[in-house]
Structure formats: C-alpha cells, structure tokens
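sequence first, then the predicted structure:
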Amino acid sequence: MLVEIVSDYEAMSERAAEIVTHQIRKKPDSVIGFATGSTPLGLYQRLAQNHQARGLDFSKITTFNLDEYVGLPPSHNQSYHYFMWTNLFDHINVDPSKVHIPQGMADDIDDFCQWYERRIEQAGGLDLQILGIGANGHIAFNEPGSSLGSRTRIKTLTEETTQNNARFFDDPDEVPRYAITMGVGTIMAAKTVLLLSSGESKANAIRATLEGPITAMVPATIVQLHQRAYVIIDEAAASKLEYRHHHGIIEPKQQNP
Ligand code: F6R
C-alpha cells in the first residue's frame with residue numbers, strides 16, 4: 001500500500017488526477033473502474049479539464065462502474081448512470097459503446113451480474129479501479145459483513161442508506177432498496193486500486209482500513225492484501241492514524257501505477 005497524505009480535498013483530487021492521467025497516457029486502451037459519490041467529483045473535473053485543455057484522449061478506454069441502484073432508469077437524476085454522464089462522460093471523448101454501468105432495470109439481475117463479470121474479463125480485467133469509502137468502511141455497495149471474495153451481485157441496502165437516500169426522492173416508493181454492485185473480489189482483481197478519502201467523517205474508517213485487522217466487517221480493509229494499492233487521503237481523513245508520521249516521511253511522487 002502506498003499511502004499519501006495530502007493537505008485537503010483539492011490536493012487529493014489533484015494527485016488522483018495525476019495517477020489516472022498517467023495510466024491513460026501509458027496505456028490509452030486502459031480498462032478503468034469508476035466510482036460515484038462526492039469523493040471523486042474533484043478528480044472528474046480535473047480529468048475533464050485534462051481532456052479539454054490538454055487533449056487527454058479517452059476514446060480508447062473501457063469503463064466499468066462499481067454499482068447502480070436496482071429499479072432506477074438511467075435517466076433518473078439519482079441513478080449512477082445519470083451521475084457518470086453529467087459529471088464526467090459528457091465532458092470527455094469516451095466511446096459510449098465502451099462504457100459499462102450496471103443496469104438497474106435488467107430483467108434478470110443474476111444473469112446481468114454474471115455477464116458484467118464476463119465483460120470485465122473479456123476486456124482484459126480492470127487496470128485501475130477508483131474507490132471511495134463509506135464511513136462504515138464499505139467499498140462500492142459492499143456493506144459490513146460482505147464476503148471478501150464476493151463478485152458482482154445484487155445487495156440489499158442497509159436501513160441507514162435507504163433512509164439517507166429518501167430525501168432525494170419525491171415518492172417514498174421510489175427509494176431504492178437494492179443495488180447491483182461489484183464484489184470485493186471483483187475490485188481486488190483490478191491491477192491497481194486507487195482509494196480516495198477526504199474529511200473527518202472518514203477518519204475512523206481510514207484508521208480501520210489501514211491499521212486494523214482485515215475483516216469483512218470493514219470491507220475496505222481488504223486493500224491491505226492488494227499488491228498495488230494507492231491510498232490518497234487528506235489530513236482530516238488521516239487524523240486518527242497511529243502511524244500518521246511514518247506516512248508523512250515517504251516520498252511517494254517517485255511512483256505511479
Ligand atoms: C460509489 C460507491 C460508494 C462510495 C462511498 C463514499 O460508487 O460505491 O462506496 O464510494 O459511499 O461516498 P462519498 O464519496 O459520497 O463519501
């Protein structure tokens with residue numbers, strides 16, 4: 001694990017953009033796993049700028065998103081399809097035929113999940129998977145207790161997530177109860193993982209992830225076993241690390257995926 005502690009959200013986004021940009025320049029047909037949520041927004045803005053101002057070419061990349069709500073059409077403004085197109089894909093020259101986001105409206109979800117795993121494999125596997133982390137240590141929709149070997153499948157959302165989401169929906173019946181998510185095993189098969197985290201609210205999860213025992217109760221702890229994991233966090237997210245000082249003396253800029 002290469003842990004880099006940077007000053008704040010902007011610095012985290014900047015460093016993440018350097019890593020993703022380097023990956024695409026090094027391998028223009030990279031297979032990249034994307035995350036949604038507030039954490040990668042600054043990264044996505046920078047990637048769009050790198051395309052528009054510096055000609056970074058996304059036309060050959062293949063993308064796979066981590067997750068999607070079951071029952072929301074892609075046009076719904078709370079769907080992860082909508083999030084990805086409005087926040088990134090509409091602003092870069094990605095080839096729409098190479099974009100994969102789980103289909104929350106699939107007729108046969110189990111079939112779809114198996115197809116998604118096969119597609120990742122046929123594409124040559126994920127070169128780089130971008131990850132955020134939940135305050136409870138979840139990655140994608142793998143909540144505490146998820147199998148550390150799991151593959152893409154349907155998961156029931158926790159009561160907490162469902163309640164949190166309710167405010168975004170006019171009709172309570174519309175609030176998703178299930179999601180399709182890459183499994184922990186799917187994520188771990190990526191050649192490189194890039195875990196991003198910012199803010200005090202993630203400090204406990206980051207401490208457990210980097211310094212705690214590996215456990216399904218904190219699914220993100222599995223990154224300790226990954227051969228090529230970059231963890232870019234800001235000071236606030238790092239504030240509860242016991243070995244914070246040690247991470248500060250490593251010179252990480254020498255290395256890129
Ligand atoms: C998003 C995802 C989630 C988020 C996590 C953090 O595709 O899979 O695991 O990465 O919930 O969310 P934010 O970034 O909003 O704090």
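It's in.

OK, contacts around residue 37?
residue 132 (CB atoms under 8 Å, 6 or more residues apart in numbering). From N, CA and C alone the C-beta is placed, and that goes for glycine too.

tell me the pLDDT at it?
Predicted confidence (pLDDT) for residue 37: 94.

quickly note the distance from it to the ligand.
Residue 37 is 3 Å from the ligand, where distance means CB to the nearest ligand atom, to the nearest Å.

same thing with residue 213?
The gap separating residue 213 from the ligand is 21 Å, by CB to the nearest ligand atom.

who's in contact with that residue?
With CB under 8 Å, 6+ apart, residue 213 has these contacts: residue 221.

residue 164 and residue 224, how far apart?
Separation of residue 164 from residue 224 (CB to CB, to the nearest Å): 28 Å.

between these two, which has more neighbouring residues?
Counted by other CB atoms under 10 Å, residue 164 and residue 224 do not tie: residue 224 has more neighbours, with 15 against 12.

the more buried one touches residue 148, doesn't it?
No. Contact criterion CB atoms under 8 Å: residue 224 and residue 148 do not qualify, at 11.0 Å.

joint contacts of these two?
Common neighbours of residue 224 and residue 148 (CB under 8 Å, 6+ apart) are residue 214.

list the buried residues for the helix or strand containing residue 118?
If you go by DSSP states H and E, residue 118 is part of helix 109-122. Within helix 109-122, the residues scored as buried using 16 or more other CB atoms under 10 Å are 109, 112, 113, 116, 117, 120.

once you drop chain neighbours, what's closest to the last one?
Looking back up the chat, that one is residue 120. Counting by CB to CB, 6 or more residues apart in numbering, residue 64 is the residue found nearest to residue 120 once chain neighbours are left out, at 5.7 Å.

what does stretch 214-223 rub up against?
By CB under 8 Å, 6+ apart, stretch 214-223 touches 1, 131, 133, 136-139, 142-148, 184, 187-188, 193, 195, 205, 208-209, 212-213, 224-225, 229, 231.

and for residue 55, the neighbour number?
When neighbours are counted by other CB under 10 Å, residue 55 registers 8.

can you tell me how far it sits from the ligand?
Counting by CB to the nearest ligand atom, the gap from residue 55 to the ligand is 28 Å.

got the contact list for that residue?
By CB under 8 Å, 6+ apart, residue 55 lies in contact with nothing.

what does it show for phi and psi?
The phi and psi values for residue 55, taken as degrees, to the nearest 10, are phi 70, psi 20.

over to residue 36?
Torsion angles, degrees, to the nearest 10, at residue 36: phi -110, psi -170.

stretch 160-172: end-to-end distance?
End-to-end distance of stretch 160-172: 15 Å, with CA to CA, to the nearest Å as the criterion.

do that stretch and the ligand meet?
No. Stretch 160-172 does not reach the ligand (CB under 6 Å from any ligand atom); its nearest approach is 8.5 Å.

residues contacting that stretch, please?
Applying CB under 8 Å, 6+ apart, the contact partners of stretch 160-172 are 78, 143, 157, 175, 176, 177.
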